[in-house]
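Engineer: Task: produce atomic coordinates for the following.
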Amino acid sequence: MEKKNTITGVVKKELCTGCGTCISLCPQSAIKLIKDSVRGIYFPLIIETKCTNCGMCFDVCPGHSIDFIKLNIEIFKKKPKDIYFGNYLNCYIGYASNYGIRYNSSSGGLVTSFLIYALENRIIDGALVTKMNKKNPLEFLPFIARTKEEIIEASKSKYCPVPANIALKEILKYNKKYAIVGLPCHIQGIRKAEQKNKKIKKNIILHIGIFCSNMPSFNATEFLLYKLKLCNDEVKRLDYRGKGWPGKMTIQMKNRKEIIIPYPSYWGEFVNIFFPKRCKRCLDWFSPLADISFGDAWLQEISKRDNVGTSIIITRSKKSEEILQQFARKNKLIPINSKKVIESQKGFSRKKRQIKAQLTILKLLGKRIWIKPSFTSLKPSLTDYISIIMYYALRVFTFNTFWLINTYCNILKIIKKILGK
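Structural biologist: All right, here's what the predicted structure looks like:
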């Protein structure tokens, strides 16, 4: 029998995104999810006694490759003008009309409100979303929400690994209409899975993508708790966003003590070393394979007056545009042009520069380069090169020695201050 590629090689090369697609699509249920406590990520492990070497896990894996051009033609019937921004119909800014949902969500509460609208109007029967794991509040569980209350329970951002696509197993059980909410890598995995499984393609009628710059590992949160001198097992609940915009992290302890940290303060601690290698090389920021994409409206004119939350929306399919227009009758949306969307995501340019810096360094070291994205004329700055060099240098030594990581973060802050960045 011909030996086919499996996700084992993907994991070894650190190209796994931890999306969970392979686990749901394996016809033999021969893959289990493992948590790597050193790297702070999830990865799939093949149970060799069950594996028939069918290659399905490799075929649906977005980690080793993703053909954006081919998938755009298949999904939207045309090539994208911009491979990063993708095909689109219209762009908007807006927020949920329900103040409570808006205030307690990440960026305007539109994803939550949009899902509730779709559910209550029977457009969907359920939505693949993520909620807190009550047994371990530092982890989150993907599940199918079938009520308004369950959708609200799943609101807010989760800044840690979430294998959302393991819930595709539930979608495969019934002939129902589902929406799925995921990061770009989750959407990529689902789109590849739809090429292999007609039932998934039929049952998922709405793909909702979330803008993503990077997804921190579990070590990011553990490092923050370490700096706050808090023990992991003393945490009762953790919310990364909410309480207005740009939001606050709320840590509820078992002794009823509550710790609140502004978003800019803790996000600064998450940068660089706590992003997995595969994340650092990903340029899928705007989730261009989704039917509709949502993100924070980081625009100066909005930031000056908004402390509750505003979303940016990109519609890409006719169905998503139609649903959004119906939804907009009760929720205020304002059309904007695509340049405003890109302007609102200032970190996108930095990430493109840093990936270019990575490829330059790897090429000089004689390393095999697996990604060859097309770049604009943006040139990496000295800070970009230093950041990448320090990231790889620290990975060589440790992922878990927090005092060394703390030293790294402090040195990088000093360098940025000296260079005026």
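Engineer: Every contact and neighbour count from this point should use C-alpha atoms.
Structural biologist: Fine.
Engineer: how many other residues sit next to the nearest residue to Gly242 once chain neighbours are set aside?
Structural biologist: Once flanking residues are discounted, Gly242 sits nearest to Asn104: 4.3 Å by CA to CA, 6 or more residues apart in numbering. Neighbours of Asn104 under the rule other CA atoms under 10 Å: 22.
Engineer: Identify the residues contacting the residue nearest to Lys50 when sequence neighbours are not counted.
Structural biologist: Closest residue in space to Lys50, ignoring its immediate chain neighbours: Ala30 at 5.1 Å, by CA to CA, 6+ apart. Applying CA atoms under 8 Å, 6 or more residues apart in numbering, one finds that Ala30 lies in contact with 23, 46-51.
Engineer: can you rerun that using 7 Å?
Structural biologist: 46-47, 50-51 (CA atoms under 7 Å, 6 or more residues apart in numbering).
Engineer: which two in those residues are spaced the farthest apart?
Structural biologist: Within those, Ile46 and Lys50 form the most distant pair, 8.2 Å apart (CA to CA).
Engineer: Which of the two has more residues huddled nearby?
Structural biologist: When neighbours are counted by other CA under 10 Å, Ile46 comes out ahead of the other of Ile46 and Lys50, with 19 against 12.
Engineer: if we look at stretch 205-212, which residues are touching it?
Structural biologist: Against stretch 205-212 from outside (CA under 7 Å, 6+ apart): 177-184, 187, 285-287, 290-295.
Engineer: Kindly recompute the last result at 8 Å.
Structural biologist: Residues external to stretch 205-212 that are found in contact with it (CA under 8 Å, 6+ apart): 124, 177-184, 187, 284-296, 320.
Engineer: now that stretch: how far from the chain's centre is it?
Structural biologist: For stretch 205-212, the separation from the chain centroid amounts to 10 Å (computed by CA atoms, centre = their mean, to the nearest Å).
Engineer: mean confidence for that stretch?
Structural biologist: Mean pLDDT, computed over stretch 205-212, is 97.
Engineer: Ok, stretch 90-97 next?
Structural biologist: Across stretch 90-97, pLDDT averages out at 96.
Engineer: And the residue nearest to Gly242, how far from Asp125?
Structural biologist: Using CA to CA, to the nearest Å, we find Asn104 at a distance of 24 Å from Asp125.
Engineer: how about stretch 378-396: buried residues?
Structural biologist: 380, 383-385, 387-388, 390-391, 395 (16 or more other CA atoms under 10 Å).
Engineer: and Arg329, how many residues sit next to it?
Structural biologist: Neighbour count of Arg329, defined by other CA under 10 Å: 9.
Engineer: Compute the distance between it and Phe114, please.
Structural biologist: As judged by CA to CA, Arg329 and Phe114 stand 12 Å apart.
Engineer: Check which helix or strand Ile261 maps to.
Structural biologist: Ile261 is part of strand 258-262, with elements assigned from DSSP states H and E.
Engineer: Please enumerate the helices of the stretch 201-350 of the chain.
Structural biologist: For the stretch 201-350 of the chain, applying DSSP state H, counting those that start in this stretch gives helices covering 218-227, 263-270, 277-280, 300-303, 318-327, 338-343, 347-364.
Engineer: worst average pLDDT in those?
Structural biologist: helix 263-270 (a mean of 78).
Engineer: Which residues does that helix contact?
Structural biologist: Outside helix 263-270, the residues touching it (CA under 8 Å, 6+ apart) are 216, 220-221, 224, 240-241, 246-249, 409.
Engineer: how big is the angle separating that helix from strand 258-262?
Structural biologist: 90 degrees (axes from the mean of the first three to the mean of the last three CA atoms, to 10 degrees).
Engineer: what's the nearest residue to the residue positioned nearest the centre of the chain if we skip its chain neighbours?
Structural biologist: Here the mean C-alpha position of the chain is nearest to the C-alpha of Leu183 (CA atoms, centre = their mean), at a distance of 3.3 Å. Sequence neighbours aside, Ile210 is the residue nearest to Leu183 in space, at 5.1 Å (criterion: CA to CA, 6+ apart).
Engineer: Keep only those of the buried residues of stretch 378-396 that are in helices.
Structural biologist: Of the positions in the buried residues of stretch 378-396, 383-385, 387-388, 390-391, 395 sit in helices, assigned by DSSP state H.
Engineer: Could I get the full set of helices for the stretch 51-200 of the chain?
Structural biologist: Under DSSP H, counting those that start in this stretch, the stretch 51-200 of the chain gives helices at 56-59, 68-76, 99-103, 110-120, 148-153, 168-173, 184-196, 198-203.
Engineer: Reformat those helices as a markdown table; add mean neighbour count and distance to Thr360.
Structural biologist: Listed next are the helices of the stretch 51-200 of the chain as a markdown table, based on neighbours: other CA atoms under 10 Å; distance: least, CA to CA, whole Å:
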| stretch | mean neighbour count | distance to Thr360 |
| --- | --- | --- |
| helix 56-59 | 22 | 28 |
| helix 68-76 | 16 | 23 |
| helix 99-103 | 19 | 43 |
| helix 110-120 | 22 | 38 |
| helix 148-153 | 17 | 44 |
| helix 168-173 | 18 | 38 |
| helix 184-196 | 23 | 24 |
| helix 198-203 | 16 | 39 |
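Engineer: nearest to Ile313, of these?
Structural biologist: Closest among the helices of the stretch 51-200 of the chain, using CA to CA: helix 110-120, at 8.9 Å.
Engineer: Could you check the angle that closest one makes with helix 318-327?
Structural biologist: Helix 110-120 runs at 90 degrees relative to helix 318-327, counting by the same axes, to 10 degrees.
Engineer: How about Pro27: what's its closest non-neighbour residue?
Structural biologist: Once flanking residues are discounted, Pro27 sits nearest to Met56: 8.0 Å by CA to CA, 6+ apart.
Engineer: residue contacts, Met253?
Structural biologist: 234-237.
Engineer: which residues does the nearest residue to it once chain neighbours are set aside contact?
Structural biologist: Nearest non-adjacent residue to Met253, counting by CA to CA, 6+ apart: Val235, 4.5 Å away. Val235 makes contact with 137, 251-254, according to CA under 8 Å, 6+ apart.
Engineer: Ok, Leu45 next?
Structural biologist: Contact analysis of Leu45 by CA under 8 Å, 6+ apart lists 8, 31-34.
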